[in-house]
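Enquirer: Coordinates for the following, if possible.
(2 chains)
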Number of protein chains: 2
Amino acid sequence: MSSFGRYNSQSQSYAPSAPALPEEHPYGTTTSSTPSNYNHGSGYTTTSTSGHGPSSYNHGSGYGQGSSYGYPTFPPGTDPDLIRSFQIVDKDRSGFIDENELQQALSSGFHWFSLRTIGLLTFLFKNPNDPSRIGPKEFGAIWSCLGRWREIFERYDRDKSGKIDPMELRDALYGTGYAVPASVLQLLISKHDDGSGRRVELGFDSFVECGMIVKGLTDKFKEKDRHSTGSATLSYDTFMTMVLPFLLTYD
Amino acid sequence: MSSFGRYNSQSQSYAPSAPALPEEHPYGTTTSSTPSNYNHGSGYTTTSTSGHGPSSYNHGSGYGQGSSYGYPTFPPGTDPDLIRSFQIVDKDRSGFIDENELQQALSSGFHWFSLRTIGLLTFLFKNPNDPSRIGPKEFGAIWSCLGRWREIFERYDRDKSGKIDPMELRDALYGTGYAVPASVLQLLISKHDDGSGRRVELGFDSFVECGMIVKGLTDKFKEKDRHSTGSATLSYDTFMTMVLPFLLTYD
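Expert: Predicted coordinates for the structure are as follows:
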């Protein structure tokens, strides 16, 4: 998690400025105010997230693998809660867990996540060389990521209700580096709108799901928008291969 | 279901030619041969599907609503199996069913579909003015669409095994008007590859899911590729609003 410098846009109108986030913490630790130059147009990233797109999520942590007995291990200094959560569900001591076990393991440390969110986390953090298994390295990266999302959630859940509303979601995404247009925010919220007229609010599970989808798709788009103009020319093939993995993740 | 003429590309290399499909049947009724000009490049549609993107799916059928008692009704001539399947699950006689009831109703006429596929069908055929309810009109359109997918499935399941393999899937999608590049086909299949080395085969449920996703996303892309060049310039906002509804459908 090293390269979270400012996202330097060639066109300032497309890249609203936001407080630079500390290098040592990818999502920042400062208490946030509403971004001053929030832009509902084509702007979409407020800080650089290079190297943290879905394909590279799992390269962020330093969890090592391989002990003298061949059992993948956690490196010294790893949070004991993390190790315990993993080992409790790894009943066959294989050193790897599946999605159902991941769901159980994360519920002890964070929250009960839907299998939909679990599938998305697995997809974003999978080891490209061994995509079907979640080992200590992948688990550590997911745990670390969720820790950051939790910090963000708690920071923007200003009334400490355990839920965040649409404006808090917008601010939270902006605070993590993603300036989400109003149309996109509306779509994210619409799924949780039951038509009753009540105010839409998201719990932590839905918040993580929204955040991961926005981050994953935006990072993919940004790879194609090399000059940060706010638009990209995509072939049909590129478009489909960018998007399909997100759709085919959920079971 | 009217405008299935040839898809006239300005660049023939991007639009492989295929036999024109009969006007009266959107997916064709002829026994298909492998398309002669199949193109794995940027080509993606083989016949025009204008007017049949997800947003207009539900305008295809003629199911009326409203009787003298206010109960939405099916028009004269509707397949009795369709009506029976709907009414059996509409236990409160409200004239509307939810996704779980839709799953039950379709299992009697077609196949047991996963809630994932049910969610996708509901999304693609929903009434924009009343998106949370599935009435006779929406149910009729879904039933009709699945009937066409079943015809296609049976046509391409050449050994009548109840499964189709990747090449049959490619040919089936091509036969419906979608020239899927090899990279996209690979992604569609990868979800069903368990790594055991066995040949990947798809049942009807997975086939419908693949078909609906390809059709939905391709039609969306085609709306932006007005000159049929095989590529489109998308703003970040447009890209996200094109794609997000597909991701936010599944629960």
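Enquirer: ok, now which ones touch residue A:217?
Expert: Residues near residue A:217 by C-beta atoms under 8 Å, 6 or more residues apart in numbering or on different chains: A:242-243, A:246, B:239-240, B:243-244, B:247. Backbone N, C-alpha and C define where each C-beta goes, glycine included.
Enquirer: could you redo the last one with a cut-off of 10 Å?
Expert: A:44, A:53-54, A:178, A:184, A:242-243, A:246, B:236, B:239-240, B:243-244, B:247 (C-beta atoms under 10 Å, 6 or more residues apart in numbering or on different chains).
Enquirer: and it, which of the three is it?
Expert: Following DSSP: H, G, I helix; E, B strand; the rest coil, we place residue A:217 in the helix state.
Enquirer: Quick check: which ranges of the stretch 101-250 of chain A have low pLDDT?
Expert: A:194-195, A:249-250 (pLDDT under 70).
Enquirer: how about the strands of it, start to end?
Expert: A:231-235 (DSSP state E, counting those that start in this stretch).
Enquirer: And the helices in the stretch 151-251 of chain A?
Expert: Shown for the stretch 151-251 of chain A, the helices assigned by DSSP state H, counting those that start in this stretch span residues A:166-175, A:182-190, A:204-224, A:236-247.
Enquirer: Among these, single out whichever gets nearest to residue B:131.
Expert: Evaluated with C-beta to C-beta, these place helix A:182-190 nearest to residue B:131, the distance being 8.9 Å.
Enquirer: From the contact counts, what lies against the closest one?
Expert: Helices and strands touching helix A:182-190, by 3 or more C-beta pairs under 10 Å, 6 or more residues apart in numbering or on different chains; DSSP states H and E, are helix A:166-175, helix A:204-224, helix B:236-247.
Enquirer: can you rerun that using 7 Å?
Expert: helix A:166-175, helix B:236-247 (3 or more C-beta pairs under 7 Å, 6 or more residues apart in numbering or on different chains; DSSP states H and E).
Enquirer: Can you name the residue of the stretch 1-150 of chain A nearest to chain B?
Expert: Here the stretch 1-150 of chain A gets closest to chain B at one residue, residue A:44, 4.3 Å apart by C-beta to the nearest C-beta.
Enquirer: Burial check on that residue, number of neighbours?
Expert: For residue A:44, the count of nearby residues is 30 (other C-beta atoms under 10 Å in any protein chain shown).
Enquirer: which ones are touching it?
Expert: Going by C-beta atoms under 7 Å, 6 or more residues apart in numbering or on different chains, residue A:44 touches A:178-179, A:218, B:236.
Enquirer: could those residues go into JSON lines alongside distance to residue B:214?
Expert: As requested, those are exported to JSON lines (distance: C-beta to C-beta, whole Å):
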{"residue": "A:178", "distance to residue B:214": "28"}
{"residue": "A:179", "distance to residue B:214": "31"}
{"residue": "A:218", "distance to residue B:214": "24"}
{"residue": "B:236", "distance to residue B:214": "24"}
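Enquirer: Specify which member of those residues is nearest to residue B:102.
Expert: Distances from residue B:102 to the contacts of residue A:44, taken by C-beta to C-beta, are shortest for residue A:218, at 33.0 Å.
Enquirer: my guess is that closest one meets residue A:178, correct?
Expert: Yes - counting by C-beta atoms under 7 Å, residue A:218 does reach residue A:178; the two are 5.6 Å apart.
Enquirer: Give me the common contacts of the two.
Expert: Shared contacts of residue A:218 and residue A:178, counting by C-beta under 7 Å, 6+ apart, come down to A:44-45.
Enquirer: what residues does chain A put near chain B?
Expert: Taking C-beta under 7 Å from any C-beta of the partner chain, the part of chain A that reaches chain B is made up of A:42, A:44, A:116, A:132, A:181, A:183-184, A:187, A:191, A:195, A:213, A:217, A:221, A:230-237, A:239-241, A:243-248, A:250-251.
Enquirer: now residue A:143, nearest residue through space, not along the chain?
Expert: residue A:82 (4.9 Å; C-beta to C-beta, 6 or more residues apart in numbering or on different chains).
Enquirer: isn't residue A:205 right next to residue A:116, touching?
Expert: No - at 8.9 Å, residue A:205 does not count as touching residue A:116 under the criterion of C-beta under 7 Å.
Enquirer: Good, wrapping up.
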